[in-house]
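K.L.:
this is a predicted model, with the sequence first.
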Amino acid sequence: MKRFLTGMLCAGILTSEPAVTYAAETSATPEAGHSETYSQASDIDSVKGWPTGPNIEGQSAVLMDAVTDTILYSKNAKDKLYPASITKIMTALLACEYLNMDDTITMSQEAAYGIEAGSSSIYAETGEVFTVEQALMALMLESANECANAIAEHISGSTEEFANLMNQRAALAEKTSGSVKKFVELMNQRAAQLGCKNTHFNNPNGLPDETHYTTAGDMMKIAKAAWYNPRFRKFVTTQVYEIPPTNKQSETRYLLNHHKMMPGQSYAYDGVLGGKTGYTDAAGSTLVTYAKRGNSILIAVVLNSTNGAFPDTTSLLDYGFDNFEKVDLN
């Protein structure tokens with residue numbers, strides 16, 4: 001039997017946040033072939049009459065109905081974990097809030113070569129010029145780390161809002177050129193505005209850093225805010241994009257969305273609109289997914305999964321769409 005999501009139910013869930021069981025505190029023996037937290041119950045399973053949530057490999061996850069704000073599933077939602085490249089959702093959101101898509105960004109040497117060797121890149125060159133839209137497509141489809149740096153430098157060096165923020169700080173009262181460090185301050189300020197209490201960003205791309213972390217609960221707040229920015233939606237729902245020859249590159253670049261649950265891909269799922277993937281050895285697989293069926297829009301966040309997070313997300317979306325339905329009370 002489906003549960004019906006209404007404004008009244010939503011309010012009841014959100015004002016009574018479920019207790020969180022941290023993975024580090026569990027002593028259960030892991031099932032053979034599964035992660036240590038695979039058999040851990042959803043934090044909401046204890047709610048009377050609530051459908052039992054699925055077992056997933058991810059250490060932490062949240063599933064939310066983005067229309068009613070109802071949390072449908074929550075597992076270790078306050079565990080501080082590495083987000084990897086889903087960090088770029090915040091970077092893209094800020095770009096969508098601050099920049100004109102037709103403006104141009106020039107790749108600095110620091111942006112082009114200040115990334116980890118072998119990490120995701122479109123091999124942009126020093127002095128190469130992109131539009132903001134092109135840089136954001138490279139950021140979200142190919143997870144280009146140098147584009148994250150270039151966007152960060154461009155925003156922190158050019159926006160009036162950021163300059164005003166810096167002028168409020170005595171130590172940074174003097175205007176300086178754009179930098180990734182200054183952009184990171186803006187990332188953390190925006191996260192705080194969204195109600196994130198257990199998040200600290202230290203770079204715009206999600207490359208490994210001990211001081212760069214978030215939680216599934218906080219990441220859900222960021223993911224939802226991003227989804228409701230019309231500009232942002234374009235960058236997570238596009239499957240293929242072309243960057244024509246630039247001042248430094250004579251050939252067209254073809255960008256592909258690596259979210260494997262989108263139509264035509266290996267984990268294609270009915271209703272998935274897009275999202276953002278992430279992976280590092282330290283973070284494991286991370287994934288944010290947006291899906292729509294009927295009048296329901298679900299957002300799934302999975303952190304530190306051992307299976308690419310696509311099977312985990314499939315289980316979560318099945319659970320959400322099969323057990324809940326939104327109705328409007330007149």
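P.N.:
Nice, thanks for sending it over. Quantities reported herein were computed from a predicted structural model and do not represent experimental measurements.
K.L.:
low pLDDT regions in this structure?
P.N.:
Counting by pLDDT under 70, the ranges of the chain that qualify are 1-30, 158-178, 329-330.
K.L.:
so which residues of it form helices?
P.N.:
Counting by DSSP state H, one finds helices in the chain at the ranges 7-14, 88-98, 109-113, 132-141, 145-158, 160-167, 180-193, 216-227, 230-237, 310-323.
K.L.:
okay, buried residues for the third one please.
P.N.:
What that stands for is helix 109-113. For helix 109-113, the buried set under the neighbour-count rule, 16 or more other C-beta atoms under 10 Å, comprises 111-112. Where C-beta positions appear, they are placed from N, C-alpha and C, glycine not excepted.
K.L.:
which strands and helices lie in contact with it?
P.N.:
helix 145-158 (3 or more C-beta pairs under 8 Å, 6 or more residues apart in numbering; DSSP states H and E).
K.L.:
now the helix it packs on against helix 180-193, angle please.
P.N.:
80 degrees (axes from the mean of the first three to the mean of the last three C-alpha atoms, to 10 degrees).
K.L.:
how much does helix 145-158 deviate in direction from helix 132-141?
P.N.:
Using the same axes, to 10 degrees: helix 145-158 against helix 132-141 is 140 degrees.
K.L.:
which parts of helix 145-158 are buried?
P.N.:
Buried, per 16+ other C-beta under 10 Å, within helix 145-158: 145-157.
K.L.:
got TSV for the helices of the chain, with distance to residue 260 too?
P.N.:
TSV is the format used below for those (distance: least, C-beta to C-beta, whole Å):
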stretch	distance to residue 260
helix 7-14	30
helix 88-98	17
helix 109-113	28
helix 132-141	13
helix 145-158	20
helix 160-167	35
helix 180-193	27
helix 216-227	18
helix 230-237	14
helix 310-323	5
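K.L.:
report the spatially nearest residue to the spatially most central residue of the chain, omitting neighbours in sequence.
P.N.:
Geometric centre of the chain, nearest residue: residue 86, 3.8 Å, by C-alpha atoms, centre = their mean. Among residues not flanking residue 86 along the chain, residue 278 sits closest, at 4.3 Å (C-beta to C-beta, 6 or more residues apart in numbering).
K.L.:
hmm, the residue nearest to the centre of the chain is touching residue 277, no?
P.N.:
Yes - between residue 86 and residue 277 there is a contact at 7.5 Å, judged by C-beta atoms under 8 Å.
K.L.:
between the two, what contacts are shared?
P.N.:
286-287 (C-beta atoms under 8 Å, 6 or more residues apart in numbering).
K.L.:
relative to residue 203, which of the helices of the chain is closest?
P.N.:
Closest approach to residue 203 among the helices of the chain is made by helix 180-193 (6.5 Å; C-beta to C-beta).
K.L.:
that closest one packs against which elements?
P.N.:
Looks like helix 180-193 contacts helix 88-98, helix 145-158, helix 160-167 (3+ C-beta pairs under 8 Å, 6+ apart).
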